[in-house]
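Peer 1: predicted coordinates and the sequence they were generated for:
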Amino acid sequence: MLYRKLFIITKRRWRNIKAWVKFALAVCCVIVFIIFYIFNLWSPLRKPETIVVKRGASVIGLTNYLVKNKIIKSARLFNFSVRLNGGTIMAGEYDIPRGAGVWVVADMITHGKVATTTITIPEGFTIKQIKNLLKASASLSGDVDCNTDAAVCNLNEGDIFPDTYRIARGTSRLALLDLARKKMVGVKQSLDTKKYPSPIKNWHDVLVLASIVQKETPLKREMPIVASVYLNRLRVRMRLQADPTVVYAITNGEGDMHGEPLLSGHLKTESPYNTYRNYGLPPNPIACVGRDAIRAVLNPAKTKYLFFVADGRGGHRFSTDFEEHKKNRIDWRVIKKELNK
């Protein structure tokens, strides 16, 4: 009987303990939910808001701004959240999402989770085209030109690596140009083997020829073949006669005819970039080049081709002698006439 009574008493006590544990857990869950709600969901924001934190701004000044513009409800909770996140706010432009609580806002601003944008610099663009592209972007700030001796102020085609750049919104245009310049320095370090196909002598020559290849064909598979054509011409001291070099010359470095045709009279233009009048490579690249064009020059196809002409399907026909080239040109004129119709 004694054991039975002890068992019943123990069982009742255990039930009481379990009940209290359940109650305590429920209270903890409620408290956690309330804290979570206050810090993360308690928000006056009914639509996304963009704010700009200026360099040197104080936490107090920012807090007052956020409360005044009804982005947060509690200044104390925001200040507390900032302290828990390190206490330092970072300058930049921030996209605050709808319904963001004080913790979310504080976390973004203390960790520099700024609004971002993407800018794509296409392969084959000239410096002038790139600058026009950046000036047209409302997501960037500042000018594209400067008057110092800094590397970013004296850019030439070949100095910029064409790529898609993800950057903070409001980034200065000069900063983006410098980022693309540094990217090109890294590309050189990764691709420059110091072993150049004859008669290429250095990395500058690689970029010059790669820029012509870049402008001549958009097809990756064709680039090594086009590179071989120009290398073969250089070896036999034949003029390169590359149309893109003439376009670069007559457009004063813009590199775009804006739909106007290239005429035979243009080929007589006096310019060191006109490869119809001058032997060898132009003095500098005529466009910014991607990895594929550079690799094509460093590892050209082994051919004896000296000529090529468009095939009407986005590619080219290649030939080793001028008679075959003339036939290909006639075929191209017929195709072009049909396309123009």
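Peer 2: Yes, it's here.

Peer 1: how about residue 53, what does it touch?
Peer 2: Neighbour list for residue 53: 62, 89, 90, 91, 92, 93, 94, 109 [criterion: C-beta atoms under 8 Å, 6 or more residues apart in numbering]. The C-beta positions use only the backbone N, C-alpha and C, and glycine is treated the same way.

Peer 1: what do you get if the cut-off is 10 Å, keeping everything else the same?
Peer 2: Neighbour list for residue 53: 61-62, 65, 89-94, 108-109, 112, 114 [criterion: C-beta atoms under 10 Å, 6 or more residues apart in numbering].

Peer 1: can you list which of the residues you listed are found in helices?
Peer 2: Among the contacts of residue 53, the residues falling in helices (DSSP state H) are 61, 62, 65, 108, 109.

Peer 1: show me how to select, in ChimeraX, the buried members of the residues you listed.
Peer 2: Only the buried entries of the ones in helices among the contacts of residue 53 go into this ChimeraX selection, using 16 or more other C-beta atoms under 10 Å:
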select :62,108,109
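
Peer 1: would you list the ones in helices among the contacts of residue 53 in JSON lines and tack on distance to residue 269 and pLDDT?
Peer 2: Putting these into JSON lines (distance: C-beta to C-beta, whole Å; pLDDT from 0 to 100) gives the following:
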{"residue": "61", "distance to residue 269": "59", "pLDDT": "94"}
{"residue": "62", "distance to residue 269": "58", "pLDDT": "94"}
{"residue": "65", "distance to residue 269": "58", "pLDDT": "93"}
{"residue": "108", "distance to residue 269": "55", "pLDDT": "93"}
{"residue": "109", "distance to residue 269": "56", "pLDDT": "93"}
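
Peer 1: can you pull out the strands in this protein?
Peer 2: With DSSP state E as the criterion, the chain has strands at 49-53, 92-96, 116-120, 164-168, 307-310, 316-319.

Peer 1: buried sites along the second one?
Peer 2: Just to be clear, that refers to strand 92-96. Neighbour-count burial for strand 92-96 flags 92, 93, 94, 96 (criterion: 16+ other C-beta under 10 Å).

Peer 1: residue 257: how many residues sit nearby?
Peer 2: Residue 257 is flanked by 13 other residues according to other C-beta atoms under 10 Å.

Peer 1: skip the chain neighbours and tell me the closest residue to it.
Peer 2: Among residues not flanking residue 257 along the chain, residue 247 sits closest, at 5.8 Å (C-beta to C-beta, 6 or more residues apart in numbering).

Peer 1: can you map out the helices along the stretch 101-250 of the chain?
Peer 2: Counting by DSSP state H, counting those that start in this stretch, the stretch 101-250 of the chain has these helices, from start to end: 102-110, 127-135, 173-191, 203-216, 223-235, 243-250.
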